[in-house]
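1. pasting the structure only:
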């Protein structure tokens, strides 16, 4: 291919059509950092790192500093075509501790360059064979959708809980509106063991068929999650508890969960996600791929992973839908699915998200 000669960043901000409320935060816009890598042939690859103070601890400023500092040191002057596809993931993980969103953005941009060089979509490069993946839509805590917002294309809803004492009644009402459809709930670490146990018991007593309960307890409380499984037999999805394969192994040892929610900004990118997926599958756990609040640039990378590791599952990839205007003919959301970018690399997604007049901060390879 050609060596990387420039690393650049710019900030992205996109308004949401409905405020997004969880037990951890409330937001009305998507804010993130776009990473652009330019190679000596003039190709550009893109990735996205989201600001997620309450989960990864990353801010716009920290992502920019990480990308333009230690990660740029790894990338500048390097030709990714000279090494295995996973080499970028390994090298970036060796450059910093944590900083999963920054690493994921850089790795995605490298894979974008490799896919463009091969003339294949990003999803095809990493092993996906399907054209789309199904996704749920999130019903935010303490609210529905905004005026004029149509979410009827989605066949599966995930309900955010944990903020309102009336959560149980709300979920029971939602379940009665779609009888026979299992309900997903996500507490984003809001409960303690006894509160979670009481909520699950009340929901089951109310006739709610729970597909799963996601991250009901604090990330550190693996023993509590294992106890919830023992008490109720309701499947538990681990999200904030699992950032890495090491976290996953601890969870498996304690029998703390049934499904793992893999997010690129937690684990550091697609290949780290593939590693977690392999271990989880080997341990008998189910897989779901989600994302932070990101644009379709970041969600496209997550969807590529989803289509590779669990193409038949209903994933959690609605984040970009919240910032796409209703009626947008180019939206990747169709009939409850996220349609994978079919252009070389992530060309279509980046062209829709990154403004043509964006101001870029650039670090170039040193001239000899």
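-> Good, I have the coordinates. Just so it is clear, the model here is predicted, and its values are computed rather than measured.
2. check which helix or strand residue 129 maps to.
-> Here residue 129, judged by DSSP states H and E, is contained in no helix and no strand.
3. what is the neighbour count of it?
-> 9 (other C-beta atoms under 10 Å). Where C-beta positions appear, they are placed from N, C-alpha and C, glycine not excepted.
4. just residue 63 next, same as before
-> By other C-beta under 10 Å, neighbour count at residue 63 equals 30.
5. and residue 336, by the same measure?
-> Residues lying near residue 336 (other C-beta under 10 Å) number 18.
6. distance check, it against residue 109.
-> Residue 336 sits at a distance of 29 Å from residue 109 (criterion: C-beta to C-beta, to the nearest Å).
7. go through the protein and flag its longest strand.
-> Ordering each strand of the chain by length in residues (DSSP state E) puts strand 4-21 first.
8. tell me the pLDDT at the residue sitting nearest the centre point of the chain?
-> For the chain, the residue sitting closest to the mean C-alpha position, by C-alpha atoms, centre = their mean, is residue 291 at 1.6 Å. On pLDDT, residue 291 comes in at 94.
9. ok, now which ones touch it?
-> 50, 263, 264, 265, 298, 299, 302, 316, 317, 319, 320 (C-beta atoms under 8 Å, 6 or more residues apart in numbering).
10. rerun that using 6 Å as the cut-off
-> Neighbouring residues of residue 291 by C-beta atoms under 6 Å, 6 or more residues apart in numbering: 263, 299, 302, 319.
11. now, which of those residues lie within helices?
-> 299, 302 (DSSP state H).
12. nearest to residue 137, of the contacts of residue 291?
-> When these are compared for distance to residue 137 (C-beta to C-beta), residue 319 comes out closest, at 10.2 Å.
13. please tell me how far that closest one sits from residue 138.
-> Distance from residue 319 to residue 138, by C-beta to C-beta: 8 Å.
14. kindly report the same for residue 151.
-> Look at residue 151 and residue 138: by C-beta to C-beta, they are 9 Å apart.
15. ok, the two, which is more surrounded?
-> Between residue 151 and residue 138, counting by other C-beta under 10 Å, residue 138 is the more crowded of the two (23 against 17).
16. doesn't the more buried one fall inside a helix?
-> No. Using DSSP: H, G, I helix; E, B strand; the rest coil, the assignment for residue 138 is strand, not a helix.
17. kindly provide the distance from the closest residue to it other than its chain neighbours to residue 136.
-> Nearest non-adjacent residue to residue 138, counting by C-beta to C-beta, 6 or more residues apart in numbering: residue 158, 5.0 Å away. Applying C-beta to C-beta, the value for residue 158 to residue 136 is 5 Å.
18. so, low pLDDT: which residues of the chain?
-> For the chain, applying pLDDT under 70 flags the ranges 1, 20-25, 141-148, 367-368.
19. and the helices in it, which stretches?
-> Taking DSSP H as the criterion, the chain carries its helices at 60-66, 72-75, 87-95, 100-118, 122-126, 167-177, 193-205, 222-232, 245-253, 264-267, 270-282, 296-309, 347-353.
20. which one of those helices lies nearest to residue 32?
-> Of all the helices of the chain, helix 296-309 comes closest under C-beta to C-beta, at 6.7 Å.
21. can you list the buried residues in the closest one?
-> Judged by neighbour count using 16 or more other C-beta atoms under 10 Å, the buried positions of helix 296-309 are 296-309.
22. same thing with stretch 118-126?
-> Those would be 120, 121, 122, 123, 124, 125, 126, for stretch 118-126 by 16+ other C-beta under 10 Å.
23. leaving out the residues flanking it, which one is nearest to the fourth one?
-> Leaving out its chain neighbours, the residue that sits closest to residue 123 by C-beta to C-beta, 6+ apart is residue 304, at 3.8 Å.
24. quick one: the one you found and residue 124 touch, right?
-> No. With contacts counted by C-beta atoms under 6 Å, residue 304 stays clear of residue 124, the gap being 8.4 Å.
25. so which of the contacts of residue 291 comes closest to residue 34?
-> Using C-beta to C-beta, the contacts of residue 291 come closest to residue 34 at residue 299, 13.4 Å.
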